[in-house]
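Visitor: sequence unknown, structure follows:
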């Protein structure tokens, strides 16, 4: 009889141990995956920032050349050219204007999704790439533009909605609930320009509410952050305007 109970207890103990090992293994794997995702997002930010620095450098160099050309043109005027112009003739060798093509930002990608910019929230330490669209996968690896659809660039006039997951572990928009009116959000776009927005409205709404997306900003630049609440029963929405 003792051996029978002993065997039963041994089996129960084995099952408990297996369950504990399984749970710990799952937690460990889940943590590992999320940490790798975080690392990948930060590497994407570094690549994006290298690209934007290159754009800013090229724009600065172009502007310097344009300024020097303008100065040289102003200080070395050919009198005969002026007379020809007064007579209706033009010098075909003279450069027509100092316009140069606008520097096009180099596009960068994260798992095939275009990176439009980055978001930095000083209070919570959130710093992530902003991807061009919201899909199941895109917001597992970063945050994305939910509205307007097919947004070509950030920091434009109107309301841009940025959606992110609440993993309840400090990642992505997990700490948005800690934000308050007056806190700031920094958005860097593909040209390297950073615009600072100040939060002025925070509220919870239903998961089907989309009215705030199309709100009129009266010609100003605004953003909205959207994520789920901790119990996933509602949406936490944050409005912020440029300062």
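Guide: Everything's here; your move. In this text, all values refer to a predicted model and were calculated from it rather than measured experimentally.
Visitor: which helix or strand lies directly C-terminal to the helix or strand of the chain with the lowest mean pLDDT?
Guide: Lowest on mean pLDDT, DSSP states H and E among the helices and strands of the chain sits helix 79-86, with a mean of 42. Under the assignment DSSP states H and E, the closest C-terminal helix or strand after helix 79-86 is strand 109-110.
Visitor: same for that next one, what does it pack against?
Guide: helix 2-75 (3 or more CB pairs under 8 Å, 6 or more residues apart in numbering; DSSP states H and E). No exception for glycine: its C-beta is placed from N, CA and C like everyone else's.
Visitor: what pLDDT, on average, does the helix it packs on get?
Guide: Computed over helix 2-75, the mean pLDDT rounds to 66.
Visitor: residue 227: helix or strand, and which one exactly?
Guide: strand 221-228.
Visitor: residue 51 against residue 114, yeah?
Guide: No - using CB atoms under 8 Å, residue 51 is not in contact with residue 114; the gap is 11.6 Å.
Visitor: mutual contacts of those two, please.
Guide: 107-108 (CB atoms under 8 Å, 6 or more residues apart in numbering).
Visitor: quick one on the thing from earlier: who's in contact with the strand holding residue 227?
Guide: Residues contacting strand 221-228 (CB under 8 Å, 6+ apart): 146, 155-166, 172-174, 176, 185, 187, 195, 197, 207, 212-213, 234-242.
Visitor: what strands line up against that strand, and which way round?
Guide: strand 158-163 (parallel), strand 235-242 (antiparallel) (DSSP bridges).
Visitor: centre of the chain to that strand, how far?
Guide: Strand 221-228 has its C-alpha centroid displaced from the chain centroid by 12 Å (CA atoms, centre = their mean, to the nearest Å).
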